[in-house]
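this is the structure alone, sequence omitted:
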Ligand SMILES: Nc1ncnc2c1ncn2[C@@H]1O[C@H](COP(=O)(O)OP(=O)(O)OP(=O)(O)O)[C@@H](O)[C@H]1O
Ligand SMILES: Nc1ccn([C@@H]2O[C@H](COP(=O)(O)O)[C@@H](O)[C@H]2O)c(=O)n1
């Protein structure tokens, strides 16, 4: 098989899509982009400028000035506050438009790429050879995120984490601009009862089936 293997991995917060996407990228020797980092960086930029996250013009300005390489190399965007800020600026159509070309260019690299986010299979790479929509129950996702954050010292109660997750789901799925939705041709992968190894295995099988179908 030959050609460009674009793998689109979408899904809600803390479903494990990033874990799966980065492992697929390593497995197939493809470059990987966690597109959530871009929105997190925009949220952080607006806060750093002492602006309001509801200020669509400022958020778009920050998005247009983003240095994607610096964002990807940054290690301080994974906290709880950055996720919340990201989901608020991600609803501005101008922000999404400003980040479109760089994501599409990443996906279009020779050989292919793996991208994860909320709109990869629907907007960024609608022709991707393989599309996965990774999910898990809100309680399982909240537990995973709670473990991740508390293990590195962020103090948060489990109930608050669950509220965060539910609020973010509602905002991401309910916005007008590129809402989080499973693409019609994406395969649903529910990882609620799967450990990381089993989830990766299931994802790899989905990609292999897509490769056979598409000849990539
Ligand atoms: N199948 C799984 N079983 C148990 N823990 C998992 C599983 N998949 C991922 N995790 C853990 O859950 C946490 C969240 O995973 P990950 O960052 O991959 O989720 P995500 O969907 O990419 O989240 P985000 O919304 O930040 O993009 C991490 O600590 C990860 O190690
Ligand atoms: N393609 C994407 C990726 C992310 N978002 C928004 O950013 C928030 C943070 O994303 P994480 O994957 O790092 O959790 C997320 O809640 C979305 O609002 C997006 O809109 N599109």
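Thanks, I have it. On a predicted model such as this, the values are computed, not experimentally measured, just so you know. Residues are numbered from 1 along each chain as shown. Ligands and ions are numbered 1, 2, ... in the order given.

for residue 122, give me the pLDDT.
With respect to pLDDT, residue 122 scores 98.

do the same with residue 127
You'll see residue 127 listed with a pLDDT of 97.

surely it is within a strand?
No. Read with DSSP: H, G, I helix; E, B strand; the rest coil, residue 127 is coil and lies in no strand.

just give the nearest non-adjacent residue to it, would you?
residue 6 (7.4 Å; Cβ to Cβ, 6 or more residues apart in numbering). C-beta: built from backbone N, CA, C; applies to glycine.

tell me which other helices or strands the helix or strand residue 98 falls within touches.
Element membership of residue 98, judged by DSSP states H and E, is helix 93-107. The contact analysis (3 or more Cβ pairs under 8 Å, 6 or more residues apart in numbering; DSSP states H and E) places helix 93-107 against helix 36-48, helix 56-64, strand 112-117.

tell me the most buried of these?
When the helices and strands packed on helix 93-107 are scored by mean count of other Cβ atoms under 10 Å, the highest mean neighbour count falls to strand 112-117 (a mean of 26).

between it and helix 36-48, how many degrees?
Put simply, strand 112-117 runs at 50 degrees to helix 36-48, going by axes from the mean of the first three to the mean of the last three Cα atoms, to 10 degrees.

between helix 93-107 and strand 112-117, find me the angle.
150 degrees.

what are the buried residues along the helix holding residue 98?
Buried residues in helix 93-107, counting neighbours by 16 or more other Cβ atoms under 10 Å, are found at 94, 95, 96, 98, 99, 102, 103, 106, 107.

pLDDT on the longest helix seen in the chain, on average?
Identified as the longest helix of the chain according to DSSP state H is helix 196-214. Regarding helix 196-214, the rounded mean pLDDT is 97.

up against ligand 2, what does this structure have?
By Cβ under 6 Å from any ligand atom, the residues of the chain that approach ligand 2 are 13, 35-36, 39-40, 83, 86-87, 90, 117-119, 168, 172.

tabulate these (CSV), appending pLDDT and distance to ligand 1.
Shown next, in CSV, are the residues of the chain next to ligand 2 (pLDDT from 0 to 100; distance: Cβ to the nearest ligand atom, whole Å):
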residue, pLDDT, distance to ligand 1
13, 97, 4
35, 98, 9
36, 97, 5
39, 97, 10
40, 97, 9
83, 94, 6
86, 97, 9
87, 97, 9
90, 98, 12
117, 98, 8
118, 98, 9
119, 98, 13
168, 96, 8
172, 97, 9
